[in-house]
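Chemist: 3D, please:
(chains A, B and C)
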Amino acid sequence: MNITLLLYGLLNVLFVLFASPLFISLIKKVKAYAQKRKGPPLLQTYYNLAKLMKKETIYSENASWIMRITPLVNIAALLVASLFVPLIVIPQPTDLVGNVILFLYLLALAKFFMALSGLDAGSTFGGMGSSREMAISALIEPVIIVVFAALAFAFKTINIPDMFREALTSNVLVNPVLILISTSIFIVIIVESSRVPVDNPETHLELTMIHEAMILEQSGKNLAMMELSNAMKQLLLMGILINILFPWGLTTEFTATSILISVGAFLIKAVIVAVIIGLFESSCAKSRLFRLPGLFGLALFLSIVTLIIEVFA
Amino acid sequence: MPSLQFSFLIDRLSAFFILLVSVVSVAVAIYSVHYVEHGTHDGRKNLIVSFMNIFIASMVLVIASSTMFSFLFFWEIMALSSFLLVMTDFEKKETGKAGMFYFVMTQLSTVFLLFAFLFIYNATGTFDIQQIRASPLVTSVAFVFLFVGFGIKAGIIPFHKWLPYAHPASPSNISALMSGVMIKVAVYGLVRFVLLMPMELWWGILILVAGTVSAILGVIYALKEHDIKRLLAYHSIENIGIILIGFGLYVIFALSGLQAVATLALIGALFHTLNHAIFKSLLFMTSGSLVNATETRNIEDMGGLIKRMPYTALLFLVGAVSISALPPFNGFVSELMIFQAFFQSAFLGNPALEMLLIASLAVFALTSALAAACFVKAFGITFLALPRSEEAKKAKESPKLMLIGPAILASLCVALGVFSFQIFGILGFSFPIPNMLLIGSLLTGLFVFAWLGLRTTAMKKERIAETWGCGITSQNSKMEYTASGFSEPIVTILKSIFRTQKKSERTYFDNEKVIFKSGKAEIHLMKFFEERLYLPVANFVRKVSLIVNNLQRGDVDLHVAYAFATIVVFLLIIWWFA
Amino acid sequence: MIIAPFQSIAQILIVLILAAAAIIIVKRDISSLVKTYAAQSLLLSLMAALLFVETGSIPLLFLAIIIFVSKTIIIPTFMTHILKKLNIKRDVEFHFLSPMKSLFASVIIIVFVYVSFSRLLAELNFFNSSLFFLGATIGISIVFMGMIVIFTRKQTITNVVGYLTMENGVVLFSLFLTELPLLVEVLIAVDLIMITLLATILAFGIDSTIEEFHNRLNPFQNTRKLSTNETSHDDFLRVQSFLENPNKEDK
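Modeler: The predicted structure is shown next:
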């Protein structure tokens, strides 16, 4: 492990950690504008996290140590996962980080403990959230794997940084397969960051909530960790979408100017994607839980067709 | 006869499987000391222990056998001793049924193997297993017989039905051995013979498809199961499916000339065999402790055990995380290897085959995600929240040896996962798999870092309070989410596979069906394989045997008449041919 | 002749057309079915236009214009108009296959068509590039998917969308396969047939449905019940008497 790799890791993790809450509030802002409201200030998520850190933590008397370790497992898994998706600088080729399956399963590790903590307090809502979340994540899993298999076919590698490097160096302006894959990744982002039409992040209504129900019993610093890791997950998935489809501005060199340009370019692209997500969310209604398999089926169909085209053409 | 001899040969493959048997057996033996002591099997304790040792020895000898004769001999000993162990609680009606089911299935497996071995003997002229390699005459017929024979023992769907019957019926240490080790012996047999035989592509496809079907159906059936041991039994079916997927990929890639990927798939499958042996025995042993403590196998009657049995809970959690294939535990590494092999399928150069692999990949992904969902249910409902019954309230932690046995396996789960890269390096394989030592230490490091960070920066004040129960004054276990409630979304979504029929009858006061008078709702769960496959076959056999029975009435005159008729027939035949 | 950007755009268009067919299989609400059909036809006309730009043959341009005018403007407007009159909003019933199963069936069909085509036509050298092969395969698959729509859906109007999808598949197939002047002729003929068929079926539909509509408006004046969903006066009285005196046994 050399020094640039260490530097890359530090830079990437810190960037993900500090930039991710911005996009949560940005999407809220876009949705507010779509509803002719003013919406929260752009830094609201940071304020929320800071406020939560100052609040006392309340545990249920039924809860066990699962409840206490879940926020830490979540944040640790997401911090490791953020090593896998270079957002600013692509590191030297390495086998140490970047395996796409490991990345997906780190997210699954976080989700597993989150679902357990939903059951831990013995409340009626938590279990409901865990049950729905596990059902949905199980059904979207084939889509995710097929999408990433399609990516692996397209770039001939299973290493995420290598995929980005390929995307950066290839001189084809728009690869048709990539556009199709991006559509599927977009659906995956919507599902994984629990957004409309799958879940509604704004409400605490028992009919609609999935993700929020699971973390209902978390409070104080633990809730802050859960929300932060959720924001990080969203930014990482957005980062995959952005850097595969529009890798422009991404750099492979560790110089101050190129890093600054890269940060600026990434922020602009991410803002665009966040606006699209916000508009998409505003344009559709929350669909019934048992209608979701139809949506996922469509996503799976699309990704399998993408693979068919890759294999056949 | 010179060829009917016992002889043994241990090469790398059999050494690997003997290691697997031994490791698990040591842990189970330690566990059994207190388990048998505290169990309810008075007067049969000695029998359990002695048969258990015969059982373990026979498994080792099957693996070490170098002739088909000794293979089959010890295979039978293994079947018989395990049958006797399943029948430990023979007074229970349920156990009797399970035992008979198991006995019939396991003998069926032996019959198929016998046919296969006779075929191979016919082709090679010797019972020596290694001689198969030399003979090109061994054909697909032998493969099909071997596949069915080993498939029954391994519990491949549709031959899986004995597993969910036999495991709940037998004592937990025996379930741990049977599910952890015995079905792996069948995997060993399949791998051993197929590697020696001249492979054909459709074998690989058959193994892959059978594996995929077993994996997905196994986990889907596990999801709706609330008997903890039956749930684990269905997960064994699922994991055997995953192992076969890896092995099928090996055959397909090896015949397509992609040797590196083929090796990755084969080693992945074998590594998953070891991992499954370890974490499944761990889970069976801890579930045995649970059953002893709560006197029930139904997880709906457990709950809150994490406070009453903290160590058992931790051990079960390690097993659950491993079987759900989460990093950095061992189950993840082997599934990762199979996934990576799948991701190479674009290089096969045969579009139809590639599409098959992609479909199988999608199903495989669904399987592993559903397994995680199932173990969230199994752990969450069993250990978390409030106890759901009086027995669960009174549950106590298991005695020391019942914790040490599983603890050995739990630490192996962690070690095999974290040091996987180094282990493969020592064994001389260099696969492009991530270094889990790095990931594991990063995870731990960041976990500690986050903990310290929160301790120093965040508000320290903590408070214990009651869970908010929508205004109810005191929360009780009736308010918790149940296991059936937990799996309900998935069961509803996959209802065409479960073949549930929701019947509801309603009567109304008016013709327009507006004012409801009374109603009745039923949910029927169809046991598809039992009703559509096993029972028809059994009925057919019964009909045939009734006919045969009619011929044989025990009447001496009749038998003399049969003898007379037979002689006449023979005379006619001789006359015809001469 | 064929350069990379053309091929990429063509592939994207083909897949989007296929995705539109998949949406038609899944969607339950009829107005979005019609919109999806319009979008599919628009993509098809873009495909024709793209082929025109690439090859420069005038009939393709005509074809693009015809598809655009007839299928993205006339037929969808006509159908929306009729939908308003019919007062049907959604078609939620499926026979034989659920939408998910239909999608899986379509994937299998695509692979099947591909494999059989590659066996059947590879020797004949029909296709000068893999793109044309792909287009033809997807075209035939869309025909099958249209058939799936027809036999899984119950309502006439969705069946019509199924027929139209099938026809789009035929057009896609012929774009990549047949000689051009012939193609235009055939297409116009087919379109005419389709439009007449549409008109007849829909007219029939209006007649039968408007009658029903009348009955629904005046349920209490009818002595005979037309369907179980409508309330008749007798039942109304019976319910009323029950509500007044629930203990008295209903005669």
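
Chemist: The stretch 151-300 of chain A against chain B: which residues are in contact?
Modeler: Applying C-beta under 8 Å from any C-beta of the partner chain, we find that the stretch 151-300 of chain A lies next to chain B at A:152, A:153, A:158, A:217, A:220, A:221, A:224, A:225, A:289, A:290, A:293, A:300. Backbone N, C-alpha and C define where each C-beta goes, glycine included.

Chemist: hmm, which two among the residues you listed are most spread apart?
Modeler: Farthest pair in these (C-beta to C-beta) is A:153 and A:220. Separation: 45.4 Å.

Chemist: just to revisit the earlier point, list buried residues within the residues of the stretch 151-300 of chain A next to chain B.
Modeler: Among these, those classed as buried by 16 or more other C-beta atoms under 10 Å in any protein chain shown are A:152, A:153, A:158, A:217, A:220, A:221, A:224, A:225, A:289, A:293, A:300.

Chemist: got a markdown table for the residues you listed, with secondary structure and pLDDT too?
Modeler: Below are these laid out as a markdown table (DSSP: H, G, I helix; E, B strand; the rest coil; pLDDT from 0 to 100):
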| residue | secondary structure | pLDDT |
| --- | --- | --- |
| A:152 | helix | 88 |
| A:153 | helix | 86 |
| A:158 | coil | 89 |
| A:217 | coil | 87 |
| A:220 | helix | 89 |
| A:221 | helix | 92 |
| A:224 | helix | 94 |
| A:225 | helix | 94 |
| A:289 | helix | 81 |
| A:293 | helix | 83 |
| A:300 | helix | 87 |
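
Chemist: and which of the residues you listed is nearest chain C?
Modeler: Closest approach to chain C among these (C-beta to the nearest C-beta): residue A:293, at 6.1 Å.

Chemist: isn't the closest one right next to residue C:103, touching?
Modeler: No - with contact defined as C-beta atoms under 8 Å, residue A:293 does not count as touching residue C:103 (10.4 Å).

Chemist: the helices in the stretch 1-150 of chain C, which residues?
Modeler: Counting by DSSP state H, counting those that start in this stretch, the stretch 1-150 of chain C has these helices, from start to end: C:4-26, C:30-55, C:58-67, C:75-86, C:99-121, C:130-152.

Chemist: Mean pLDDT lowest where, among the ones you listed?
Modeler: Lowest mean pLDDT within those: helix C:75-86, at a mean of 76.

Chemist: other SSEs contacting it?
Modeler: helix C:30-55, helix C:156-177, helix C:180-217 (3 or more C-beta pairs under 8 Å, 6 or more residues apart in numbering or on different chains; DSSP states H and E).

Chemist: okay if I get the buried ones among the residues of the stretch 151-300 of chain A next to chain B as TSV plus distance to residue C:154?
Modeler: As requested, these are exported to TSV (distance: C-beta to C-beta, whole Å):
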residue	distance to residue C:154
A:152	42
A:153	40
A:158	46
A:217	46
A:220	55
A:221	56
A:224	52
A:225	51
A:289	25
A:293	21
A:300	26
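
Chemist: These also near chain C: which ones?
Modeler: A:293, A:300.

Chemist: Can you show me the helices along the stretch 151-300 of chain B?
Modeler: B:162-169, B:172-177, B:183-196, B:201-223, B:228-255, B:259-294.

Chemist: for the second one, packing partners?
Modeler: What it means is helix B:172-177. For helix B:172-177, the elements it packs on are helix B:12-38, helix B:45-64, helix B:68-86, helix B:162-169, helix B:228-255, helix B:259-294, judged by 3+ C-beta pairs under 8 Å, 6+ apart.

Chemist: Select, out of those helices, the one closest to residue A:279.
Modeler: When those are compared by C-beta to C-beta, helix B:228-255 sits nearest residue A:279, at 41.3 Å.

Chemist: per-residue confidence averaged over the closest one?
Modeler: Computed over helix B:228-255, the mean pLDDT rounds to 94.

Chemist: what angle do that helix and helix B:201-223 make?
Modeler: Relative orientation of helix B:228-255 versus helix B:201-223 (axes from the mean of the first three to the mean of the last three C-alpha atoms, to 10 degrees): 160 degrees.

Chemist: roughly how far is helix B:228-255 from the heart of the chain?
Modeler: Relative to the chain's own centre, helix B:228-255 is displaced by 8 Å; criterion: C-alpha atoms, centre = their mean, to the nearest Å.

Chemist: anything in it near chain A?
Modeler: No - using C-beta under 8 Å from any C-beta, helix B:228-255 stays clear of chain A, with a minimum separation of 13.2 Å.
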